[in-house]
Each structure stands twice: as structure tokens, then as C-alpha cells.
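Undergrad: Okay, predicted coordinates and the sequence, questions at the end:
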Amino acid sequence: MEKKSIRFSSWWNSSSEATSCEDVSEVQQKESQVKLVANENQVVNDDQIEDENPWQTGIHQFNEEQVVRRSSQTRKPNPRYTNAAIVVDEQSEPESFEEASQIVEWVGAMEEEINALQRNQTWDLVPKPSGVKPISYYDETFSPVAKLTTVRVLLALAANKGWSLWQMDVKNAFLHGELDRDIYMNQPTGFQRKQHPEYVYSSLFVKMVDGKLAVILVYVDDLIITGDYEDEIVQIKENLSIRFQMKDLGYLKHFLGLELERSEDSVILHQIKYSTDLLKKFGMLDCKPIATPLEPNFKVCAHEGKDLKDATMYRQLVGSLIYLTLTRPDIAFAVSVMSRYMQNLKKPHLEAVRRILRYVKGTLGQGVTFKKGEEYNLVGYCDADYAGDHDTRRSTTGYVFMLGSGAVSWCSKRQPTVSLSTTEAEYRAAAMASQECT
């Protein structure tokens, strides 16, 4: 009897991530009554920063004994940030099963997923064998995924040619194939069988005809379909719906947390909602914007400044910023630098990351734009500093590739070895860029 495995998204697990943000939520509640914004040029002394909760310092300092009277004067928004005006009251996605189970729409989606799996006879419910460690539901399945660079290249091509973009979703992300061993898996939270709650449950395709293209990009259970061979695209959709439990999501608007805005002459890829949720989560939604992600001639070292007792939130923030670089090449260098200090966190590192958030606040509307009808050539640029890392004396490589009017691939990464000259550093950067374009 063959068993197959599947993994669900991380909000199935009621992990400690939700509770790790309790301090931030308390700060946000207090800030709804009192908001103090530091001057852009304000310098925060290390001695003034408290170890217990460093996220209440700097931009968002709060003193319970202070009483601040709000001005009754009507303030007009700065025209410089008019393009960043967005609605921020949207309901955020639940972070655990307990939260999702309180929302009717999420309960319906979960039940639909479970029903689809049962219709396909995905598993058999069996007693847990002794000595077997079941895998967590949706934690350890390997699925076909496309590189994000491939996603951007496909969007650039579709924008340049004026092709429509459609999205389809497989209702149950599941490995359709034969397994060579039995796989045992815990029942998903909230859907355990009442009779036996302790039991366990045992990337780019192209078709061309007469010069016309139909393209399918697969990322686990999400599909992007585009091309100018519209008859074939319609047939592909019908065939997929017959073979699998599919959901036609219409024109592409959201993909892997990325947002897509389509006009007659361009496609804009951005993460406005993700950026806003990030600022809200870390109590920086009302911070004062700043013009650059890092100070000019910024220098940081691994051992300067006081230690922070808890680096958990810093690591969460840097990880979130890394995901934001999928559509924001302008912060790639700054985030790359600050990600080097995840294991040895100091207070100056915290202040530098806080500055990146202030820059994000002022540039919420930015993303990558792909225009229609532009000259469709691949152009790349690369550069390197020399011994820019003060701790290791290693150089940093940076490159960006443009396809048509928009960037499709970029990177800022510290080189693996020390270069003995600027020439060597430049050659290493050119070699890394060459590997990316081939």
C-alpha cells in the first residue's frame, strides 16, 4: 500500500512566531494614542537604548509618563510621497490555524483543500507504526519550482509582446507519482478524524506552432500561462481542469506574494502590501521616511557597539527584507550587508536596519516596470568594491541584468575569498555575472 506526502503552508503550525510579536503589538497599541517621531538627523546614544526591548527606541520612543497633545491643525501630505498612498486596513493573513479557524473564508478554503485530497484518494488512514516518526503536514515535500529570475523574464517578455497573463491554481499541491517506500504523515491540525485522532496519513513549458507560443510556468501549485497562441492556451486550461482539481484565477494579479499591475503599455511588479505589512509588524508604519537606505560612506563592523540580548526579531526583519529584494534592487546592497551580522548582533546593526525600514516607508510605490514595445535586448552591468568588508577584507560583487526596459536579475554578494588587487576583484565580479547570464 503506497503512501504519499504533502505539505501545507506554515500557518498550519501554531508556532511561537505569533507570540514573538506580542511586544510589537503592544507598542503599536500605545502608538495609536501617542506617536513621537525623531528628527531625521537625530543620533541615538547607545547608552540610551534599553536591552529589554530595543524596538521601542530610536524612531519610536515611548514614555508612559509623557502626555503629548495632538495638534488640531490640518496637515496636507507631502507631494513627494503621494504615490505611496495605499490602504493599510486590509485584513492580514492568519499566522496560525487558531487564527485561520476564526475566519469563514479561510475555513472554506481549508475544507475545499481537504475534500480535494480525499476525492483523489491521496492517503489511507492507518494506525501509527511503532518506531516511525511521521512527517509534519506540508513540511517535507519537494515540488517543481521556477527561479524568480525566470518569473521576471517571463513577465518582461509578456509585457514587451503585449501578451495576456493568466493564473491557475491546483487545489491540492500533491506529488502525482509512484513512491518507492511508505510515507507516514500527521493529520492536519483541525481535520483529525474523531474516531482515530492519533492515526497518521500514510518549472517552464513552452509549445510553439507556426511561430505562435504558449508558455506555462509552474511554481509548486501555482501556474502562470501566457503567449500569443490563444487557442492552445484555452485547450491547455481545459485539459488541466479535466486531469486535476484546478481553479482558474483569471488574469494574473498576485503571485508568491508579489503584486502585478497591468496597463496598456506596461507591467509593474511590486510588493506594496508586503512592505506595508512589514512596517506595521515592526512598529514602523508611522516612521519618518528617509532618502537613502544607508548613510553615505557607511561603515559597520562585527564587534563595535553593545550586544543585544535577543536577536530573534532582528533576524526576522532581515529575512523579511531579503524577500522584499525580489522586486526592490535598490535595497539589495543594504540588506546584503546587514544580513552578515545575524549571528553577532550589535546595536549599530539594529539602527542600520531601522534606517532601511525608513527608506522603505518613503518608497512604498516602487517596483520593477516592464514596458511594451521596448527594444528587447539583454544588457548586463557588474561592478565590485575592493576590500569593502572591514571584518574579512573581502570585496563585494554587484550585478544587474536588464531585459528590455526592466531589471530581471540582480545580486549584491560578498566574494568568497580575499582579492589581492582591484583587478582581481573586478574579474571575480565579471565571472559571477557571466555565470548568471548563461
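TA: Cool, got the structure. Numbers count the residues shown, from 1 in each chain.
Undergrad: Can you pull out the low-pLDDT segments for this protein?
TA: The chain contains residues with pLDDT under 70 at 1-92, 117, 120-124, 128, 132-145, 172-188, 190-202.
Undergrad: Quickly list the domain ranges of this protein.
TA: What automatic domain parsing lists as the domains of the chain is 95-256, 282-366, 375-437.
Undergrad: how about the strands in the stretch 251-400 of the chain?
TA: In the stretch 251-400 of the chain, the segments counted as strands under DSSP state E, counting those that start in this stretch are 254-255, 258-262, 266-270, 367-371, 378-384, 396-403.
Undergrad: Just send these back as CSV, with mean neighbour count and distance to residue 281 too.
TA: Bear in mind the C-beta positions are built from the backbone N, C-alpha and C, glycine included. Shown next, in CSV, are the strands of the stretch 251-400 of the chain (neighbours: other Cβ atoms under 10 Å; distance: least, Cβ to Cβ, whole Å):
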stretch, mean neighbour count, distance to residue 281
strand 254-255, 16, 19
strand 258-262, 17, 18
strand 266-270, 21, 18
strand 367-371, 20, 20
strand 378-384, 16, 34
strand 396-403, 21, 29
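Undergrad: give the contact list for the spatially closest residue to residue 301 that is not a sequence neighbour.
TA: In space, and not counting its chain neighbours, residue 301 is closest to residue 390: 5.1 Å by Cβ to Cβ, 6 or more residues apart in numbering. By Cβ atoms under 8 Å, 6 or more residues apart in numbering, the contact list for residue 390 reads 299-301.
Undergrad: Are any of these buried, and if so which?
TA: residue 300 (16 or more other Cβ atoms under 10 Å).
Undergrad: Format the contacts of residue 390 as JSON lines; extra columns: distance to residue 263.
TA: Shown next, in JSON lines, are the contacts of residue 390 (distance: Cβ to Cβ, whole Å):
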{"residue": "299", "distance to residue 263": "42"}
{"residue": "300", "distance to residue 263": "40"}
{"residue": "301", "distance to residue 263": "46"}
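Undergrad: Closest one of the contacts of residue 390 to residue 437?
TA: residue 300 (31.0 Å; Cβ to Cβ).
Undergrad: That closest one against residue 345, yeah?
TA: No. Residue 300 lies out of contact with residue 345 (Cβ atoms under 8 Å); the separation is 11.6 Å.
Undergrad: From residue 357, how far off is the residue nearest to residue 285 when sequence neighbours are not counted?
TA: With sequence-adjacent residues excluded and distances taken as Cβ to Cβ, 6+ apart, residue 285 is closest to residue 279, at 4.5 Å. Distance, residue 279 to residue 357, by Cβ to Cβ, to the nearest Å: 6 Å.
Undergrad: what is in contact with those two at once?
TA: residue 287.
Undergrad: Much appreciated, bye for now.
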